[in-house]
Every structure is written in C-alpha cells, then in structure tokens.
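# Fold the following, please.
(one chain, ligands or ions: 1)
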Amino acid sequence: MLEELKEKVCLANKKLAEYSLVAFTRGNISGIDREKGLIVIKPSGVPYDELSANDMVVLDLQGKKVQGDKKPSVDTATHIVLYRAFENIGGIAHTHSKWATIWAQACKAIPPYGTTHADFAHGCIPCTEKLTKDEVSSEYEKNTGEVIARYFIENKLDPLAIPAVLAAGHGPFTWGTDCFEAADNAAVLEEIAMTAWHTRVLAPEALAVDDYLLDKHYYRKHGPEASYGQKK
Ligand SMILES: [Zn+2]
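You can find the predicted model right below:
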C-alpha cells in the first residue's frame with residue numbers, strides 16, 4: 001500500500017538528518033495521498049539511519065492506523081490537523097532546528113529582512129500564540145495544529161505562499177506540495193532564521209524589505225509569472 005509514497009517519505013526524513021536539522025530521533029516528515037485520503041508518516045523514536053520505507057506508518061485523516069507495525073510519530077495529530085486545514089499542501093516537516101527554534105522560543109515572527117526570505121515566503125514567518133494550560137494538558141498535538149491553522153485562516157494566508165510557521169515555545173513546522181519540498185523548506189527556513197537573527201543583532205533598527213521588493217522576488221520564483229529557473 002502506497003509503496004512509492006512510503007519510499008519518498010522515508011527519503012525525505014533522511015534528508016532532515018543530512019541537512020543537519022535534526023538530532024537523535026527528533027523531527028518528522030509526512031506526506032499525503034489526497035485521492036486516497038491517507039497520510040504516511042515517520043515512526044516514533046526510530047533513528048534516521050535505521051529508517052526504511054517499511055517502517056513508515058499509514059493513517060487516515062481521522063488518525064486511525066491503516067498500515068504499519070510501528071507507532072507513528074507523536075506529532076501525527078498536528079500533521080493531520082494541518083492536512084485537513086490546508087488542502088493544497090502535500091507534505092509536512094517538523095524539526096527543532098537551532099535558529100528557527102530560537103525565534104520560536106522568543107515567540108517572535110521572522111520579518112522578511114531581505115530577498116533571500118522573499119524568494120521563499122511572501123511575508124513574515126509567523127509565530128503562533130502560546131497554547132493554554134488546558135490546550136497542553138489535553139490533546140496537545142492536535143491543539144498545536146489547531147493554533148497554526150487558526151492563525152493562517154484568520155489572517156487569510158495561503159500556506160503555500162508562507163510555507164512555514166513557528167510554534168511558540170516549541171519549534172518550526174514547514175510544508176510544501178510534497179514531502180521533499182517540506183524538507184527543503186525546513187532547510188531554507190533555518191538559513192533565513194539564522195540570517196534574520198544576525199541582522200537583528202547587528203542592526204536592531206533594521207526593517208523588513210519594502211513590499212515592492214518582496215513582491216518582485218516572491219513572484220519571480222512563484223506563480224504564473226515566475227521567470228526563475230529553466231522551462232519545464
Ligand atoms: Zn517538536
């Protein structure tokens with residue numbers, strides 16, 4: 001079942017380790033088959049170098065395990081909420097990568113200080129509200145997804161235009177059209193978080209780029225008018 005997607009999700013998870021975004025068994029990636037309504041996710045607590053496609057766990061969008069011998073990632077409920085809320089995404093990554101986690105722990109959004117950021121996201125990388133005591137004590141992982149989804153819905157943000165978020169006091173989630181894009185976006189976010197931090201330290205008065213420069217760079221790489229890269 002979903003052999004190709006399991007291979008892809010397994011490989012994408014290993015990329016998180018290759019990109020030095022995860023330590024030990026932390027972090028996880030999933031992918032979804034929208035037609036079948038099934039997700040494939042990393043098993044909980046298995047080291048990256050030992051992962052194989054057969055270890056991947058298949059679940060439906062109600063969180064019921066459909067296939068797999070292992071327990072799915074503890075963050076599975078967060079992934080499910082995001083797939084249900086963001087119908088245009090195909091893969092999700094979660095890490096505790098250092099620089100992005102620093103911003104998440106500071107509970108601060110990452111401003112688009114330059115064009116590297118604008119190439120990646122069409123605006124700030126938001127930081128969620130903190131979860132309440134009740135939201136943490138009951139259905140914590142589901143509520144982590146809910147607070148992210150709520151932010152994007154209330155602010156009318158397209159998840160593919162802002163492919164990352166910081167969960168307050170926790171760490172980053174990124175996503176994309178598939179699991180590989182989610183992994184790559186986790187790596188780009190880390191670069192952006194690092195450079196933004198240094199920008200802020202060097203020049204606390206630094207401002208986000210002007211909207212016209214943000215638009216220029218974002219739309220050069222994304223959308224129908226994109227001119228970046230080679231014709232496919
Ligand atoms: Zn986490």
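# Can you name the next helix or strand after the biggest helix by length in the chain?
Using DSSP state H, we find that the single longest helix of the chain is helix 179-202. Next helix or strand after helix 179-202 toward the C-terminus (DSSP states H and E): helix 211-221.
# Pass me the low-pLDDT residue ranges in the protein, would you?
232 (pLDDT under 70).
# contacting residues around the residue most central in space within it?
By C-alpha atoms, centre = their mean, the mean C-alpha position of the chain lies nearest to T174, the distance being 1.2 Å. The neighbours of T174, taking C-beta atoms under 8 Å, 6 or more residues apart in numbering as the test, are I92, A93, H94, P163, A164, V165, A182, N185, A186, L189. For glycine as for every other residue, the C-beta is placed from the backbone atoms N, C-alpha and C.
# Identify the residue nearest it in space, chain neighbours excluded?
In space, and not counting its chain neighbours, T174 is closest to N185: 4.0 Å by C-beta to C-beta, 6 or more residues apart in numbering.
# count of residues packed around that neighbour?
Per other C-beta atoms under 10 Å, the neighbour tally for N185 reads 22.
# any idea how far T132 is from it?
Counting by C-beta to C-beta, to the nearest Å, the gap from N185 to T132 is 29 Å.
# circling back to that earlier point, got the contact list for the longest helix of the chain?
With C-beta under 8 Å, 6+ apart, helix 179-202 has contacts from 8-9, 11-13, 15-16, 19, 21, 29-31, 89-93, 95, 97-100, 102-103, 110-111, 113-114, 116-117, 120-121, 125, 163-164, 172, 174-176, 206.
# Can you go through those residues and name the buried ones?
8-9, 11-13, 15-16, 19, 21, 29-31, 89-93, 95, 97, 99-100, 102-103, 110-111, 113-114, 117, 120-121, 125, 163-164, 172, 174-176 (16 or more other C-beta atoms under 10 Å).
# now the strands for this protein?
For the chain, applying DSSP state E gives strands covering 28-33, 38-41, 57-60, 65-67, 91-94, 164-167, 171-176.
# So what are the sheet partners of the shortest one and their directions?
Read that as strand 65-67. Paired with strand 65-67 in the same sheet, following DSSP bridges, are strand 57-60 (antiparallel).
# Could I get the buried residue list for the partner strand?
By neighbour count on 16+ other C-beta under 10 Å, the buried set for strand 57-60 is V57, V58, L59.
# Also stretch 219-231?
Result for stretch 219-231 [16+ other C-beta under 10 Å]: buried residues Y219, R220, H222.
# As PDB, could you dump the C-alpha coordinates of that stretch?
What follows is stretch 219-231, C-alpha atoms only, in PDB (Å, rounded to 0.1, in the frame of the first residue of the first chain):
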ATOM      1  CA  TYR A 219       6.600  36.400  -7.800                       C
ATOM      2  CA  ARG A 220       9.900  35.900  -9.800                       C
ATOM      3  CA  LYS A 221      10.000  32.400  -8.300                       C
ATOM      4  CA  HIS A 222       6.400  31.600  -7.700                       C
ATOM      5  CA  GLY A 223       3.100  31.800  -9.500                       C
ATOM      6  CA  PRO A 224       2.100  32.100 -13.200                       C
ATOM      7  CA  GLU A 225       4.600  34.900 -14.000                       C
ATOM      8  CA  ALA A 226       7.600  33.200 -12.500                       C
ATOM      9  CA  SER A 227      10.800  33.600 -14.500                       C
ATOM     10  CA  TYR A 228      13.300  31.800 -12.300                       C
ATOM     11  CA  GLY A 229      14.900  28.500 -13.300                       C
ATOM     12  CA  GLN A 230      14.600  26.500 -16.500                       C
ATOM     13  CA  LYS A 231      11.400  25.900 -18.500                       C
END
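# Right, I'll leave it there.
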